[in-house]
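**Q** When you get a sec, could you give me coordinates for this:
(one chain, ligands or ions: 2)
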Amino acid sequence: MLKKLCSYPGCHKVIEAGVKYCEKHRNTDREKYREYKRRRMKDEEEARRQQFYNSKAWELFRAARAAEQLGIDIYEYYTTGKIVAAENYHHIQEITEAWARRLDAANVIGVSEANHRRIHTEYERSYKAKKKMQKILYAMLERFYRDFVLDGGI
Ligand SMILES: [Zn+2]
Ligand SMILES: [Zn+2]
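**A** Ligands and ions are numbered 1, 2, ... in the order given. Reported below is the predicted structural model:
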């Protein structure tokens, strides 16, 4: 049978003449394309995300939530009972995960910088940890609206 070298730069593996690459390098073009596509989609997603967080719509929505939620860190309040100022308005279902819920009052919770980091660390730990944290946050937000917001906004 006719043999040749793998066409991948620097690879000296001997292969059949009918194929371009050895086993190891056969899928690289496809994988490179996939990787390119993945990166491009991520960049587009990031651009959309930034554009949203800089928008007037978000600014107004965020101010309305801050007023409604009394400007406090709801996670801290139901965890330790302490009243701490909220510095971030966190999307429980992140906008990359649920774009349609980006301006949903039932999806945004005020938290301090430290708790915001804590929450995102949980999100990144595992899918299960993320789901668990989201459940806790939704329950706290619902409870807060029941406890403090008369004629509830949500
Ligand atoms: Zn090769
Ligand atoms: Zn967040």
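**Q** Can you tell me the SS state at G110?
**A** What DSSP: H, G, I helix; E, B strand; the rest coil gives for G110 is strand.
**Q** can you pull the contacts of it?
**A** 65-66, 69, 71-74, 86, 88-90 (CB atoms under 8 Å, 6 or more residues apart in numbering). The C-beta positions use only the backbone N, C-alpha and C, and glycine is treated the same way.
**Q** which residues of the protein fall in helices?
**A** Here the chain has its helices, by DSSP state H, at 28-53, 56-68, 74-80, 113-125, 127-148.
**Q** Now the last one: average pLDDT?
**A** The reference is to helix 127-148. With pLDDT averaged residue by residue, helix 127-148 scores 96.
**Q** circling back to that earlier point, from the helices of the chain, which stretch is densest packed?
**A** Counting by mean count of other CB atoms under 10 Å, helix 74-80 has the highest mean neighbour count of the helices of the chain, with a mean of 19.
**Q** then that helix to CSV, C-alphas only?
**A** Extracted in CSV, the C-alpha atoms of helix 74-80 (Å, rounded to 0.1, in the frame of the first residue of the first chain):
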residue,chain,number,x,y,z
ILE,A,74,-30.8,40.5,50.9
TYR,A,75,-28.5,37.5,51.0
GLU,A,76,-26.7,38.9,54.1
TYR,A,77,-29.9,39.8,55.8
TYR,A,78,-31.3,36.3,55.6
THR,A,79,-28.0,34.6,56.3
THR,A,80,-26.7,36.6,59.3
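**Q** Residues touching it, excluding its own?
**A** By CB under 8 Å, 6+ apart, the residues outside helix 74-80 that reach it are 82-84, 86, 109-112, 115, 119, 137, 140-141, 143-144.
**Q** Just the pLDDT at A64, thanks.
**A** 97.
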